[in-house]
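> Give the three-dimensional model of this entry:
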Amino acid sequence: MKVAVINFSGNVGKSTISRHLLAPRLKDANIIPVESINSDGSQDEAIKGKQFGELQEALTMMDDAVVDVGSSNVEVFVQLMKQYRGSHEEFDYFVVPTISKHKQQRDTISTIEALAEIGVPAKKIRLVFNMVELDETPERIFSGLFEFHAAAKNFTLRPDAVIHVNDIYGKLKDAEKSIKDILNDPTDYKEMIKTAKDSEEKLHFAQMVGVKRLAAGVTEELDAVFKTLFK
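Predicted coordinates:
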């Protein structure tokens, strides 16, 4: 499966969704930031979104990939898909994350309209409701998107494709470990607290206990979101 994660708006969690929702559930998937891909699939040199041809070459050599399109490159990315006729067919899905802020919702609609305009069918455009508070419902805080879907029907909307606010995403923002890495970590941090050499080390182990608990809970949610998103 090859998936592009895209939205004209920034701060909707594209990289989080690429790293924590999609890539771990696709076999051997590469995460490809559109700004940093070489034609051989390595990520050594920074290039800009306009070098779309190199991205296309890289994708043809991969079975599974997640393309994280930075918001500063989305307009160029869409324009180049127009120039490279049929290039959107290289992707199985376009995942569009959105959050409840009005600007991001407006940008989400613009993103969907731009994809539909170049011929991406509704079944390939999938919406993810991101950063939703536990006591909120998508139908209420994204009512404009539900109305747009009812009128336009040019994307796929699944009300259960919801990722809730969770502290773990902030804790892992600059960390090399993924949620999967933390969940699979066999270390017994509660036992290590007992033998910690000082209070600082004890605090670190206590924090890791909390992070592992968060990882277990959020993994169940992400598994469910992935399943509903692509069913």
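
> Can you give me the buried ones in stretch 168-183?
168-169, 171-172, 179, 182-183 (16 or more other CB atoms under 10 Å). C-beta coordinates here come from the backbone N, C-alpha and C atoms, glycine included.

> again with stretch 51-58
So for stretch 51-58, counting by 16+ other CB under 10 Å, buried means 51-52, 55, 58.

> all strands for the chain, in order.
2-5, 30-33, 65-68, 93-98, 125-132, 162-164 (DSSP state E).

> Let me see the contact set for Glu147.
For Glu147, the contact set (CB atoms under 8 Å, 6 or more residues apart in numbering) is empty.

> What helices and strands are in contact with the lengthiest helix in the chain?
As assigned by DSSP state H, the longest helix anywhere in the chain is helix 199-229. Counting contacts by 3 or more CB pairs under 8 Å, 6 or more residues apart in numbering; DSSP states H and E, helix 199-229 packs against strand 125-132, strand 162-164, helix 167-171, helix 179-183, helix 189-194.

> Format those as TSV; extra columns: mean pLDDT and distance to Arg213.
Converted to TSV, the helices and strands packed on helix 199-229 look like this (pLDDT from 0 to 100; distance: least, CB to CB, whole Å):
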stretch	mean pLDDT	distance to Arg213
strand 125-132	98	20
strand 162-164	98	15
helix 167-171	90	9
helix 179-183	90	10
helix 189-194	94	10
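
> Could you dump these into CSV and include distance to Ala29?
Shown next, in CSV, are the helices and strands packed on helix 199-229 (distance: least, CB to CB, whole Å):
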stretch, distance to Ala29
strand 125-132, 16
strand 162-164, 18
helix 167-171, 19
helix 179-183, 12
helix 189-194, 29
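
> Let me know which of these is the nearest to Ser110.
Closest approach to Ser110 among these (CB to CB): strand 125-132, 12.8 Å.

> got the CA coordinates for that closest one in CSV?
Listed next in CSV are the C-alpha coordinates belonging to strand 125-132 (Å, rounded to 0.1, in the frame of the first residue of the first chain):
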residue,chain,number,x,y,z
ILE,A,125,-9.5,10.1,-0.2
ARG,A,126,-9.8,9.2,3.5
LEU,A,127,-10.3,11.7,6.4
VAL,A,128,-8.8,11.3,9.8
PHE,A,129,-10.2,13.3,12.7
ASN,A,130,-7.1,14.1,14.8
MET,A,131,-6.5,15.6,18.3
VAL,A,132,-10.1,15.1,19.4
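
> Now do it: everything it contacts.
So strand 125-132 is contacted by 12-13, 16-17, 21, 93-100, 108, 112, 115-116, 138, 141-142, 145, 154-158, 161-165, 225, 229-230 (CB under 8 Å, 6+ apart).

> Out of the buried residues of stretch 51-58, which comes closest to Val5?
Leu55 (13.6 Å).

> On the pLDDT front, check that closest one for me.
Per-residue confidence for Leu55 comes out at a pLDDT of 86.

> residues of stretch 155-171 that come out buried?
155-158, 161-164, 166, 168-169, 171.

> now do stretch 66-81
In stretch 66-81, counting by 16+ other CB under 10 Å, buried: 66-71, 73-74, 76-78, 80-81.

> Now render the residues you listed as CSV, adding distance to Thr195 and pLDDT.
Shown next, in CSV, are those (distance: CB to CB, whole Å; pLDDT from 0 to 100):
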residue, distance to Thr195, pLDDT
Val66, 40, 96
Val67, 45, 94
Asp68, 41, 93
Val69, 47, 91
Gly70, 44, 85
Ser71, 46, 81
Asn73, 49, 81
Val74, 50, 85
Val76, 54, 85
Phe77, 51, 89
Val78, 55, 90
Leu80, 56, 88
Met81, 56, 89
